[in-house]
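Colleague: sequence-free structure coming up:
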């Protein structure tokens, strides 16, 4: 029997729960009346899909994980679970996840299936080959926020498309800040995570540019061009303020070029995404 510690590590529980939060936020942005059965299916199905993706990822990268300090104690390199058992857990989670989401509507299940495929079969194999893997990985990574809207409405349009783009652009500064922090460790396993492959001014400049794009798309609903997804003036200002803080931290990284600055940017990016999702929800319901 697999114990809780191994399961939470294999599925990256904290990451999975943060992704589920994004889906739930997208769901509440779309509905006027909550269907609690759909909400439960979204939470369970969402966790299973993210957990399966993370588990498949660890199966594929188990030998490389053993080379890195950050990942060498994961269940597979530590031999706490066999590859075969991890594989069947991943398959089971995928099936349960798609099954749950299909009961909401088929489009939700379809996007979830795309997410697992891209993350497992495209992003993960590309990581040791090209920094463009981050671009590919940003696609499944951006699906959860929009998935909640699709689950609530059964349709894909400008609203979920905007939610997708917010999380898509956000991921570049987020992952590049992490890549900057862990560049030495990643290189032990042959992973190329930074856009230039190095901690240099060009990488820092690209982080700044993608933060600007993230800020623009995050407040775009204020224009009234995003259908039922709207944003008030006050919420727009609040989001811009948080974006400016993240931008200043990126400029600080450009100036100092050190791991400490990258770490501050990384954690601020996590806070940024969470806060703007909360602001969107408050803006709708208050």
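Modeller: Happy to help now that I have it. Not measured: the values here are computed from a predicted model.
Colleague: which ones are touching residue 252?
Modeller: 261, 264-265 (C-beta atoms under 8 Å, 6 or more residues apart in numbering). Glycine gets a C-beta too; all of them are placed from N, C-alpha and C.
Colleague: And the chain, split by domain according to the record?
Modeller: Listed domain ranges for the chain are 1-156, 158-286 (source: automatic domain parsing).
Colleague: Span of the last one from start to end?
Modeller: Looking back up the chat, that one is domain 158-286. End-to-end span of domain 158-286 (C-alpha to C-alpha, to the nearest Å): 23 Å.
Colleague: And that domain, how far out from the chain middle?
Modeller: A distance of 12 Å separates the centroid of the chain from that of domain 158-286, by C-alpha atoms, centre = their mean, to the nearest Å.
Colleague: sorry, back to before: okay, the domains of the chain in JSON lines with mean pLDDT next?
Modeller: Converted to JSON lines, the domains of the chain look like this (pLDDT from 0 to 100):
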{"stretch": "domain 1-156", "mean pLDDT": "95"}
{"stretch": "domain 158-286", "mean pLDDT": "96"}
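Colleague: Measure how buried residue 161 is and give me the count.
Modeller: 15 (other C-beta atoms under 10 Å).
Colleague: I meant residue 248, not that one.
Modeller: Around residue 248 there are 13 residues (other C-beta under 10 Å).
Colleague: Kindly report the same for the one 5 residues further on.
Modeller: Using other C-beta under 10 Å, the number of residues around residue 253 comes to 27.
Colleague: host element of it?
Modeller: Using DSSP states H and E, residue 253 falls within helix 233-256.
Colleague: quick one: buried residues of that helix?
Modeller: By neighbour count on 16 or more other C-beta atoms under 10 Å, the buried set for helix 233-256 is 235-236, 238-240, 242-243, 246-247, 249-253.
Colleague: Quick check, residue 193 in contact with residue 186.
Modeller: Yes - taking C-beta atoms under 8 Å as the definition, residue 193 is a contact partner of residue 186 at 5.3 Å.
Colleague: hey, what's in contact with both of those two?
Modeller: Applying C-beta under 8 Å, 6+ apart, one finds that residue 193 and residue 186 are jointly contacted by residue 179.
Colleague: what sits against residue 257?
Modeller: Residues in contact with residue 257 (C-beta under 8 Å, 6+ apart) are 199-201, 204.
Colleague: tilt between the single longest helix found in the chain and helix 233-256?
Modeller: Longest helix in the chain by number of residues (criterion: DSSP state H): helix 259-285. Calculated by axes from the mean of the first three to the mean of the last three C-alpha atoms, to 10 degrees, helix 259-285 forms an angle of 170 degrees with helix 233-256.
Colleague: circling back: comparing residue 193 and residue 186, which shows the higher neighbour count?
Modeller: residue 186 (23 against 20).
Colleague: All the helices of the chain, residue numbers only.
Modeller: Applying DSSP H to the chain gives helices spanning 4-10, 13-30, 36-60, 62-65, 83-104, 106-117, 124-126, 133-153, 158-181, 183-188, 201-219, 233-256, 259-285.
Colleague: Would you indicate which residues of the first one are buried?
Modeller: Neighbour-count burial for helix 4-10 flags 6-7, 9-10 (criterion: 16+ other C-beta under 10 Å).
Colleague: farthest pair in these?
Modeller: Distance extremes for the buried residues of helix 4-10: the farthest pair is 7 and 9 at 7.3 Å, using C-beta to C-beta.
Colleague: Quick one: buried ones out of the contacts of residue 252?
Modeller: Of the contacts of residue 252, these count as buried by 16+ other C-beta under 10 Å: 261, 264-265.
Colleague: Residue 118: which of those residues is nearest?
Modeller: residue 265 (25.7 Å).
Colleague: what's that closest one in contact with, if anything?
Modeller: Residue 265 neighbours (C-beta under 8 Å, 6+ apart): 173, 177, 207, 246, 249-250, 252-253.
Colleague: Thanks a lot, catch you later.
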